[in-house]
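# need a structure here:
(4 chains)
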2 protein chains.
Amino acid sequence: MPSRRDTRPGKVTIFDVAARAGVSIKTVSRVVNNESNVRDQTREKVLSAVRELRYRPNAAARALSGNRSRVVGLVYENAQEFGYTQHVLNGALAVCEARDYALLLCPIGLPSPDIVERVRDFTAEGRIEGMLLPAPMGDLPEVRSLLGELRIPFAAITPKDPLPQEINVTCKDRDATFALTEYLIEQGHRAIGFVTGHPDHGASAERYAGYREALRKHGVPLAKERVRQGYFDFESGKQAARALLDLEAGPSAIIASNDDMAAGVLFEARERGVAVPDDLSIVGFDDTRIASRVWPPLTTARQPIARMAETATRLLIDRLNGEPARSPQEPFECELVIRESTARSREPLTARR
Amino acid sequence: MPSRRDTRPGKVTIFDVAARAGVSIKTVSRVVNNESNVRDQTREKVLSAVRELRYRPNAAARALSGNRSRVVGLVYENAQEFGYTQHVLNGALAVCEARDYALLLCPIGLPSPDIVERVRDFTAEGRIEGMLLPAPMGDLPEVRSLLGELRIPFAAITPKDPLPQEINVTCKDRDATFALTEYLIEQGHRAIGFVTGHPDHGASAERYAGYREALRKHGVPLAKERVRQGYFDFESGKQAARALLDLEAGPSAIIASNDDMAAGVLFEARERGVAVPDDLSIVGFDDTRIASRVWPPLTTARQPIARMAETATRLLIDRLNGEPARSPQEPFECELVIRESTARSREPLTARR
DNA sequence: TTGTAGGCGTTATCAT
DNA sequence: ATGATAACGCCTACAA
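Numbering: from 1, shown residues only, chains lettered A, B, ... in the order given. The predicted structure is shown next:
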């Protein structure tokens, strides 16, 4: 029973616990790490010593010795709008905490010429054991190949082209945009503008596809001039709205590929005195906070971002603990949220009222 | 010249660098840590070896050996509204990155009965070397005394009662609310409602004081029924507005103690068809994103949150590196931002026009 | 089922 | 100014 050091105030080490429980440090280690081959009785003894001493294994020692830092890195786009990232953060943190992992942040302003160097730097001191890549980080091939090279497992949230051997969490945003568009059509809208998302985001193409599908299904021709490029931020939504509202035959409704842009559309409409939803219906995507804080609150599709992040984090940590890379069987569902930014079209296509 | 291990792919250690530079590992350590007592020539040799080998010291080994994790913890209130925290995060991360520290997050939902346990847990594995306490975390005595007990230095951002021997970063929010109120008075407003912030936040009392001072200076009586309790979130702003707009003699202007509540006030006004700013002027505080994304955009006071967080982080890291606890000489200034949510009062107190 | 020895990559101590 | 050697606290092998 080696008790290598005297009881010192402050730091309780594995030796203290071992001494107290009358076992070797290895046995303590086994118990702490939930390994097998420990008699229940011994385990109990150790556990009470742990409790009494308030022992917590030292993270640095564990990392150094076991070559596992128990830290997950989160690389995210540091944009003005933070609604999406906030949900990712919440989900990731919740799971990390439950699994006793820590989360380290790596904000990146896109586009970033030295992104590979930034990520390499982030992983440099051996701190990161696995990486979380929320959109659009999972879309960048240079990041993915770097992580592959570094042998750092990662989980991507809504990447553009999910590879089966990696961890990917996706959702049915295409279906959701389809449903949103169809809803507007059912409300009598025909001239429906669309603001796309950033072309580098995987979700952008999906959402645009959902819009076109719905138009096609209902025999509404796709008018190119009613489709504008946006970048997922408020300002680009505003600018897209400017162009759309300047059209001769302006739209009676506008779908923006996310809530931030929809808020921009709404802002522009108000500035021009266009009544929403009376003269213009507006639709967003994600149901982040801003959707219910502008007036009128936005009709949108609720993407379960936090839950998706939780799932990604869980699968990633499982993988770090030796399980194979898995992805959810099914993409997550998005739920339609009808609010006051949309109304029946006043155009005389259908009977009045 | 001990070269303890062969050149292995992947991990470059201090031994590799030492061998390459033809010095001992201690010398490499000195150079890497910018210690003195190294000949310039030797330093150069080591530095080029470091560069050529792309050597990065292992964080875990450093932490274990030096008893310094180079990690700063950020305990923050995990509220719905994230505008404030977003700026804190940005500021803290920027400085951490520059000083080669990492930032660990500890979100806490308030009120939290087990907050002390949560924070203790957060610090438990020896990961955290210093702690950042943005409002309102610096106001909680139990947290402060816990950190004192644990001998973990901390820096508070706008705490209620800053102690001189600790690191505190504050701003002149009292002056700013004073200026905002005065601005409204100059615009002809007399019936000015006020929504206070969460009573546990130090800033709440300050901002309320600024409001009262301005009224007093201009001989406007303080009407208790025009002051409502809020909690810094959107919903409480909405509810406060409900009460204020229900008053017989409703206010012609409302000052909310932050932007999120101001957005709630605006939302409620719109729901009732109260025209802003024609029938009601609205003022916020902070100039977080939401202030310029609602319509009309909010007149507010810009609190330099990110810069304050940067300063707090810098001072904290300095302290962790042996310097004494210092605080800025002067509180930070807040800047008035006049936007379209305020206008001249239409009440016939001053001449028309 | 349990324990012993050695090493993880640094920083710290004390020589020289 | 520089270097040898011992911690740091834990985990991994291998023994018993």
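# quick one, what contacts the spatially most central residue of chain A?
Nearest to the mean C-alpha position of chain A, by CA atoms, centre = their mean, lies A:Val88 at 4.0 Å. Listed by CB atoms under 8 Å, 6 or more residues apart in numbering or on different chains, the contact set of A:Val88 reads A:74, A:76, A:132, A:134, A:157, A:305-306, A:309. Where C-beta positions appear, they are placed from N, C-alpha and C, glycine not excepted.
# among the residues you listed, which are within reach of DNA strand D?
With CB under 7 Å from any atom of the strand as the criterion, the contacts of A:Val88 include none near DNA strand D.
# Could you report the neighbour count for A:Leu316?
Counted with other CB atoms under 10 Å in any protein chain shown, residues neighbouring A:Leu316 total 28.
# That one and A:Phe154 touch, don't they?
Yes. Under the criterion of CB atoms under 8 Å, A:Leu316 makes contact with A:Phe154 at 7.1 Å.
# Now the common contact residues for those two.
Shared contacts of A:Leu316 and A:Phe154, defined by CB under 8 Å, 6+ apart, comprise A:130-132, A:167.
# Show me what counts as buried in stretch A:249-262.
Applying a neighbour-count criterion of 16 or more other CB atoms under 10 Å in any protein chain shown, one finds A:251-262 buried in stretch A:249-262.
# I'd like to check the angle between the strand or helix carrying the residue nearest to the centre of chain A and helix B:83-98, please.
Per DSSP states H and E, A:Val88 falls inside helix A:83-98. Helix A:83-98 runs at 70 degrees relative to helix B:83-98, counting by axes from the mean of the first three to the mean of the last three CA atoms, to 10 degrees.
# ok, which residues in the stretch 1-150 of chain A are in contact with DNA strand C?
Proximity of the stretch 1-150 of chain A to DNA strand C, by CB under 7 Å from any atom of the strand, involves residues A:1-2, A:23-27, A:30, A:36-39, A:41-43, A:61, A:64-65.
# Buried among those? Need that as a selection in PyMOL.
Here is the PyMOL command that picks out the buried ones among these, judged by 16+ other CB under 10 Å:
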select buried, chain A and resi 23+25+27+30+38+42+43+61+64
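# near chain B too, which of the residues of the stretch 1-150 of chain A next to DNA strand C?
Residues of these in contact with chain B (CB under 8 Å from any CB of the partner chain): A:61, A:64.
# would you turn the buried residues of stretch A:249-262 into CSV with distance to DNA strand D and secondary structure?
Shown next, in CSV, are the buried residues of stretch A:249-262 (distance: CB to the nearest atom of the strand, whole Å; DSSP: H, G, I helix; E, B strand; the rest coil):
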residue, distance to DNA strand D, secondary structure
A:Pro251, 60, coil
A:Ser252, 63, coil
A:Ala253, 58, strand
A:Ile254, 55, strand
A:Ile255, 51, strand
A:Ala256, 49, strand
A:Ser257, 45, coil
A:Asn258, 43, coil
A:Asp259, 44, helix
A:Asp260, 44, helix
A:Met261, 47, helix
A:Ala262, 49, helix
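# Need those in JSON lines (columns: pLDDT and distance to chain B).
Below are these laid out as JSON lines (pLDDT from 0 to 100; distance: CB to the nearest CB, whole Å):
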{"residue": "A:Pro251", "pLDDT": "96", "distance to chain B": "19"}
{"residue": "A:Ser252", "pLDDT": "96", "distance to chain B": "20"}
{"residue": "A:Ala253", "pLDDT": "97", "distance to chain B": "18"}
{"residue": "A:Ile254", "pLDDT": "98", "distance to chain B": "15"}
{"residue": "A:Ile255", "pLDDT": "98", "distance to chain B": "19"}
{"residue": "A:Ala256", "pLDDT": "98", "distance to chain B": "13"}
{"residue": "A:Ser257", "pLDDT": "98", "distance to chain B": "17"}
{"residue": "A:Asn258", "pLDDT": "97", "distance to chain B": "13"}
{"residue": "A:Asp259", "pLDDT": "98", "distance to chain B": "10"}
{"residue": "A:Asp260", "pLDDT": "98", "distance to chain B": "8"}
{"residue": "A:Met261", "pLDDT": "98", "distance to chain B": "11"}
{"residue": "A:Ala262", "pLDDT": "98", "distance to chain B": "11"}
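# thinking again about what came up before, identify those among the contacts of A:Val88 that sit within strands.
The members of the contacts of A:Val88 that map onto strands under DSSP state E are A:74, A:76, A:132, A:157.
# all strands for the stretch 101-250 of chain A, in order.
A:102-108, A:130-133, A:154-157, A:167-169, A:192-195, A:227-228 (DSSP state E, counting those that start in this stretch).
# I am finished for the moment; much appreciated.
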